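**Student:** Have a look; sequence and predicted model below, questions after that.
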Amino acid sequence: MKAIVSVIGKDTRGIIAKVSTKLYEMDINIENISQTIMQDYFTMIMAVDCSECKLKFSGISEELSKLGQEMGLEIHIQLQSIFDSMHQIATNTRKL
């Protein structure tokens, strides 16, 4: 199962390390990553493969949300198919 993880919050040291470590611990593979810092805010989007993870999707979401709370960040995950559909709707709406 492919998914998209987004991370947003005040920039601090170790964000990438902590999030990628949590994903590793859940047997989730990072396939692609994009991150940037806008003023003092850190933003990151990761394409991940959850096919080897033993947790249900809701469990993955809970673990990432808990990590986000501990770090003062917003961390969300959604299925790539939903992310792609939302992007397609937004693109089609702009063409109207």
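**Tutor:** Looks like it came in fine. Numbers count the residues shown, from 1 in each chain.
**Student:** number of nearby residues for the closest residue to residue 81 other than its chain neighbours?
**Tutor:** Using C-beta to C-beta, 6 or more residues apart in numbering and skipping the chain neighbours, the partner closest in space to residue 81 is residue 2 (7.6 Å). The way it works is simple: take the backbone N, C-alpha and C, and place the C-beta from them, glycine included. For residue 2, the neighbour count with other C-beta atoms under 10 Å is 14.
**Student:** and residue 2, what does it touch?
**Tutor:** When contacts are counted by C-beta atoms under 8 Å, 6 or more residues apart in numbering, residue 2 is found next to 31, 47-50, 79-81.
**Student:** cool, residue 61 as well?
**Tutor:** Neighbouring residues of residue 61 by C-beta under 8 Å, 6+ apart: 76-77.
**Student:** ok, now with 10 Å
**Tutor:** Contacts for residue 61 (C-beta atoms under 10 Å, 6 or more residues apart in numbering) come out as 3, 5, 55, 75-78.
**Student:** Would you mind listing the buried residues in the helix or strand containing residue 23?
**Tutor:** Using DSSP states H and E, residue 23 sits in helix 15-25. Across helix 15-25, burial judged by 16 or more other C-beta atoms under 10 Å covers 15, 18-20, 22-23.
**Student:** Thanks again, I'm all set now.
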